[in-house]
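Enquirer: Can you look at this prediction? I've put the sequence above it.
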Amino acid sequence: MDIKMERRNFIKHSALAMAMLALYETDVFAQQDLMRAYNFKPLRNNVGIFTEQGGTIGWLNAGNGFVVVDAQFPTSAPHVIEELKKLGEKPFKYLINTHHHGDHTAGNIAFKGLAQKVVAHQNSLVNQKRAADKANNLDKQLLPDTTFGTGWKAKIGDERISAYYYGSGHTNGDAVYHFENSNIVHVGDLVFNRRFPYIDRENGAHIGNWITALDKITSQFDNDTLFIWGHSLDPEKVTGNKADVKAYQNYLQSLLTFVGAEIKSGKSKDEILKATTIPGAPEWQGDGIQRSLTAAYDELKGV
């Protein structure tokens, strides 16, 4: 090809790309998403994941229907629906939510008239409805119609799904879902893989009990269990194993130990919030360390 022609085409296409970005210049996340395709990926035994924007979605392609765990946003949820429909004409048996936060449930509305049942822990429903009332957007929600307290079970095709609730953690409404035959567990935001977590004390989060919940998870599941995380510092590492669960548990314990020692030494909250890493858990990085420090401080001070 003529070098001048090649250069003109490059400039033309670059200008087009920049013009598209300019449409989204007020939203850095939109700029990132414009450059990032979604990922629809099988894991094993007809269970897989979907990532685009927000919490990781889990999915099951059973012989008699689909199951989807979490729904991200109204802009991304249609993409997982579209991909699943390519696998066959089947009903969407269950839409399941790990907890109420909008990056996991705002996309529920895309399943209206599609999902036969919407499942979540009973506290997740209360939290989602309260948040929607506060934001005056209840009409944009698809709320759970099937809730549970300590657990829930369903059989879909050859797969069995069991839900477990361990008390307050990331919120007071987090549940984990075990695809038993595949031995895959979606833990939602009970694990933030190598990134600083959001600890929602306004909706019942409790770091001490979160540590206990992770103990129960590591005891309940085996070394072959594949875990799906809600969020990860590396977007390619939204799955992992029991060692990763223990590593996150160590982060939370190190957080409480560090903040407790700082309080005991007489440091103020503002001084504690200047920390840039948690001693004993240097792998945890990213934005938002102040959220962890604030939550730990308030919990330990009984605020």
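Expert: Received the coordinates, thanks.

Enquirer: Let's see the pLDDT reported for the residue nearest the centre of the chain.
Expert: The C-alpha lying nearest the average C-alpha coordinate of the chain belongs to residue 230 (Cα atoms, centre = their mean; 2.5 Å). Looking at residue 230, its pLDDT is 98.

Enquirer: same thing with the one 3 residues further on?
Expert: The predicted local confidence for residue 233 comes out at a pLDDT of 96.

Enquirer: how many neighbours does it have?
Expert: Neighbours of residue 233 under the rule other Cβ atoms under 10 Å: 14. All C-beta spots, glycine's among them, are computed from the backbone N, C-alpha and C.

Enquirer: Quick one: residues contacting it.
Expert: 193-195, 284-286 (Cβ atoms under 8 Å, 6 or more residues apart in numbering).

Enquirer: Of the residues you listed, which is the nearest to residue 53?
Expert: Of all these, residue 195 has the smallest distance to residue 53: 15.5 Å, by Cβ to Cβ.

Enquirer: how much space is there between residue 148 and residue 239?
Expert: From residue 148 across to residue 239, the span is 25 Å (Cβ to Cβ, to the nearest Å).

Enquirer: er, residue 83 actually
Expert: 18 Å.

Enquirer: Distance of the nearest residue to residue 189 once chain neighbours are set aside relative to residue 54?
Expert: With sequence-adjacent residues excluded and distances taken as Cβ to Cβ, 6 or more residues apart in numbering, residue 189 is closest to residue 230, at 3.9 Å. Going from residue 230 to residue 54 by Cβ to Cβ gives 9 Å.

Enquirer: Please apply the same query to residue 179.
Expert: From residue 179 to residue 54 the distance is 21 Å (Cβ to Cβ).

Enquirer: More neighbours: which of the two?
Expert: The neighbour count for residue 179 versus residue 54, taken as other Cβ under 10 Å, is higher for residue 179 (26 against 22).

Enquirer: what's the neighbour count on the closest residue to the more buried one other than its chain neighbours?
Expert: Distances taken as Cβ to Cβ, 6+ apart place residue 47 nearest to residue 179, at 5.0 Å, with adjacent residues excluded. Here the count is done by other Cβ under 10 Å, and residue 47 has 24 residues near it.

Enquirer: who's residue 47 bridged to?
Expert: residue 44, residue 60 (DSSP bridges).

Enquirer: Would you mind measuring from it to residue 55?
Expert: 17 Å.

Enquirer: Now do stretch 163-172: distance to the chain's middle.
Expert: The chain centre lies 14 Å from the centre of stretch 163-172; the measure is Cα atoms, centre = their mean, to the nearest Å.

Enquirer: ends of it, how far apart?
Expert: 15 Å (Cα to Cα, to the nearest Å).

Enquirer: what comes up buried for that stretch?
Expert: Across stretch 163-172, burial judged by 16 or more other Cβ atoms under 10 Å covers 163-166, 168-172.
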